[in-house]
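Novice: Need coordinates for the below:
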Amino acid sequence: MAALHLVGEHRILSAVPYLRQWEEVDLPRFMERSLAFGDEGKTWLEGQTFRPVAQHSLRMLGQRPEGHATYHFLEGDDERRLPMRESSSDRRARATALHENLSAAQVLSLLGAPDDVLAQERESDGAFQSTEEWAYDTLLPSGQWLTLTLIWESRGLVSIHEAPADGAQVEERSQRFFDR
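Specialist: Residues are numbered from 1 along each chain as shown. Below is the predicted model of the structure:
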């Protein structure tokens, strides 16, 4: 994982074909409960081992990842993967249909798997609220990356916003590859 990360950090363009090969590897690394489905912990988030790092490095090299899911959502006693849309180049256009009344399953059908997921606690009015952030990255023709962020609470989708990817956000995301 460290080598995949360093390829992007050091901008080694000749490694792009190797990153593409690592992006194809389907090897789950962790499972945790997903808040976004509002089903009291019956849906699980499954994170991949190599895909998030390989795709992150591809983005740092100005390349669009092939779109293999970095996360899957599992349900039922047999922990089957929920169906979701394959990643597509028109994801940003599809995002115009987003609204806060959509369910997590509808978002997966519309946009596919998020590129990054972050579960955390936020303070609001003196109380702590669990949230789950789904991030979707888009490469603009200008070469700039935009991140669409969806914030989920137990009551559903509460926030949708898009902003240019900033250096601190990119660094925080890359650190989580090694913390999980």
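Novice: only C-alpha atoms for contact and neighbour calcs from this point on.
Specialist: Noted.
Novice: which residues in this structure form strands?
Specialist: Using DSSP state E, the strands found in the chain span residues 28-33, 43-48, 71-75, 80-81, 116-124, 127-139, 145-153, 156-164.
Novice: could you dump the ones you listed to JSON lines with mean neighbour count, mean pLDDT and distance to Glu100?
Specialist: Conversion of the strands of the chain to JSON lines gives the following (neighbours: other C-alpha atoms under 10 Å; pLDDT from 0 to 100; distance: least, C-alpha to C-alpha, whole Å):
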{"stretch": "strand 28-33", "mean neighbour count": "14", "mean pLDDT": "93", "distance to Glu100": "21"}
{"stretch": "strand 43-48", "mean neighbour count": "22", "mean pLDDT": "94", "distance to Glu100": "20"}
{"stretch": "strand 71-75", "mean neighbour count": "21", "mean pLDDT": "95", "distance to Glu100": "20"}
{"stretch": "strand 80-81", "mean neighbour count": "14", "mean pLDDT": "94", "distance to Glu100": "24"}
{"stretch": "strand 116-124", "mean neighbour count": "13", "mean pLDDT": "87", "distance to Glu100": "18"}
{"stretch": "strand 127-139", "mean neighbour count": "18", "mean pLDDT": "90", "distance to Glu100": "14"}
{"stretch": "strand 145-153", "mean neighbour count": "20", "mean pLDDT": "93", "distance to Glu100": "9"}
{"stretch": "strand 156-164", "mean neighbour count": "15", "mean pLDDT": "94", "distance to Glu100": "5"}
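Novice: Of those strands, which is nearest Pro65?
Specialist: Put simply, out of these the one that sits nearest Pro65 is strand 127-139, at 9.9 Å, with distance taken as C-alpha to C-alpha.
Novice: The closest residue to Val117 other than its chain neighbours and Gly112, how far apart?
Specialist: Leaving aside its sequence neighbours, Val117 sits nearest to Trp134 (C-alpha to C-alpha, 6 or more residues apart in numbering; 4.7 Å). As defined by C-alpha to C-alpha, to the nearest Å, Trp134 lies at a distance of 11 Å from Gly112.
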